[in-house]
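**Q** below are the sequence and a predicted model for it; my questions follow.
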Amino acid sequence: MPTPAVEIAGLVKRYDGRAVVDGLDLVAHQGRVTAVLGPNGAGKTTTIECCEGLRRPDDGVVRVLGLDPLADAHELRPQVGVMLQDGGLPTGVRAAEMLEHVARMYADPRPVDELSERLGLGAFARTTVRRLSGGQRQRLALAAAVVGRPRVAFLDEPSAGMDPQSRHAVWDLVRELRDEGVAVVLTTHLMDEAEDLADHVVVVDHGVVIAEGSVRDLVASADDRTLRLDATPGLDLATLAVALRTSGSAPEVNEIAPGSYTVVGGVDARTVAALTAWLAERDVLATRLTVGRRTLEDVFLDLTGRTLR
Ligand SMILES: Nc1ncnc2c1ncn2[C@@H]1O[C@H](COP(=O)(O)OP(=O)(O)OP(=O)(O)O)[C@@H](O)[C@H]1O
């Protein structure tokens, strides 16, 4: 493997004596999309901000393109694109003027018209940033992050709050950046975004990496079949679990939302037969019953739990 575009080793960041990043290691490469996932408050943004030179680590090493984000900020700036979670854009200027201004700061910017077209910025080009909707502001922030043809792009929740059309435009752009050799490091709460885009997924919780790999690795390392059932809420899970037990397996049943159930652990043809028989005995109609592979969301919830943060 070539030298990583981003290398973080033993990163620690404390606020008021509390470590919100607590010995985090992460490596991201050129030409790959690295997705950082984790519950609210896990330390994702803080980690990314240390890479962007916006926060000073309390311990550990952060290198971006082999350079120190703080000490070598001047050298790094033209090579790194940053999209912050809160936009971080000046609010008093018109959208198009802002993007043109940012483009002028780079030696070889992407053509602004083309970028505006593909991210649909034309519709609000003359609107001041302060009056843009959340999704419009996000699109403008993304355009500003990539207009300078960065070698590394840090995108903090790039498609948060966007409509589906914008989201697809963002995803296409991210794929294109990756194909051009850019190291894209993004945070997201959208599991389908990570599944679709990420070459490498890093799951962070309580300031440390708790799992990483390709989506395929992460999903395959879990029990790979999940039975999903929609039916009336409040089924007796203990009785159901007993009914599904066979000599070879003892599946686990959960009601993940009212009326929405999952069964995992040795799901096979007998599990499905036992389940439908159990439902029929109770005169309960399944409105949906599927058996499929575990999704990244299943794995994420297994790793980080269901408790709200
Ligand atoms: N400037 C600050 N002062 C004090 N605490 C902070 C500061 N910035 C962040 N924190 C705390 O650090 C923790 C990690 O925050 P961070 O923004 O890195 O989480 P995150 O994983 O990006 O979360 P989210 O998914 O909600 O964006 C949180 O508990 C947050 O309240």
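**A** Everything's here; your move. This is a predicted model, so every value here is computed, not measured.

**Q** thought V291 was touching V267?
**A** Yes. Between V291 and V267 a contact is recorded at 6.2 Å, counting by CB atoms under 8 Å. (Each C-beta comes from the backbone N, C-alpha and C, glycine too.)

**Q** just the pLDDT for the residue sitting nearest the centre point of the chain.
**A** With distances taken as CA atoms, centre = their mean, the residue of the chain nearest its centroid is T188 (2.5 Å). As summarised for this prediction, T188 has a pLDDT of 95.

**Q** quick thing: my sequence starts at 629, can you match it?
**A** Right, with 629 as the first residue, what we last looked at is T816.

**Q** for the ligand, see how far away it is.
**A** When CB to the nearest ligand atom, to the nearest Å is the yardstick, T816 and the ligand sit 9 Å from each other.

**Q** how about that residue, what does it touch?
**A** Residues in contact with T816 (CB atoms under 8 Å, 6 or more residues apart in numbering) are A663, V664, L665, E785, P786, S787, A788, A822.

**Q** switch these over to TSV; also include pLDDT.
**A** Conversion of the contacts of T816 to TSV gives the following (pLDDT from 0 to 100):
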residue	pLDDT
A663	98
V664	98
L665	97
E785	93
P786	92
S787	90
A788	89
A822	96
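
**Q** so who does the residue nearest to E880 when sequence neighbours are not counted touch?
**A** Once flanking residues are discounted, E880 sits nearest to G893: 4.9 Å by CB to CB, 6 or more residues apart in numbering. By CB under 8 Å, 6+ apart, the residues touching G893 are D851, S877, A878, P879, E880.

**Q** can you list the strands that the strand or helix carrying T890 pairs with?
**A** Using DSSP states H and E, T890 sits within strand 888-892. Note on strand 888-892: by DSSP bridges, its sheet partners are strand 853-858 (antiparallel), strand 880-885 (antiparallel).

**Q** in stretch 694-709, what counts as buried?
**A** Of the residues in stretch 694-709, those scored as buried under the neighbour-count criterion (16 or more other CB atoms under 10 Å) are L695, P697, L704, V708, G709.

**Q** next one: it to chain centre, how far?
**A** Here stretch 694-709 shows a centroid-to-chain-centroid distance of 24 Å under the convention CA atoms, centre = their mean, to the nearest Å.

**Q** before we move on, what about stretch 652-672?
**A** Taking the mean C-alpha point of stretch 652-672 and that of its whole chain, the gap between them comes to 8 Å (CA atoms, centre = their mean).

**Q** how long is that stretch end to end?
**A** For stretch 652-672, the first and last residues are 10 Å from each other (CA to CA, to the nearest Å).

**Q** what comes up buried for that stretch?
**A** Applying a neighbour-count criterion of 16+ other CB under 10 Å, the buried positions in stretch 652-672 are 652, 654-658, 660-667, 670-672.

**Q** wait, doesn't S842 sit right on E823?
**A** No. Applying CB under 8 Å, one finds S842 not in contact with E823, separated by 10.4 Å.

**Q** looking at those two, which one has more neighbours?
**A** For S842 and E823, the more surrounded residue by other CB atoms under 10 Å is E823, and the numbers stand at 17 against 12.

**Q** how about the residues of the chain by the ligand?
**A** Proximity of the chain to the ligand (CB under 6 Å from any ligand atom) is limited to residues Y643, V648, G666, N668, G669, A670, G671, K672, T673, T674.

**Q** in the stretch 829-937 of the chain, which spans are helices?
**A** In chain order, the stretch 829-937 of the chain shows helices spanning 843-848, 865-872, 897-909, 924-932, with DSSP state H, counting those that start in this stretch as the criterion.

**Q** about what we covered before: common neighbours of V919 and V895, please.
**A** Both V919 and V895 are contacted by R853, T854, L855, under the criterion CB under 8 Å, 6+ apart.

**Q** show me what contacts V690?
**A** With contacts defined as CB under 8 Å, 6+ apart, V690 is in contact with V634, E635, I636, L639, C678, C679, D696, P697.
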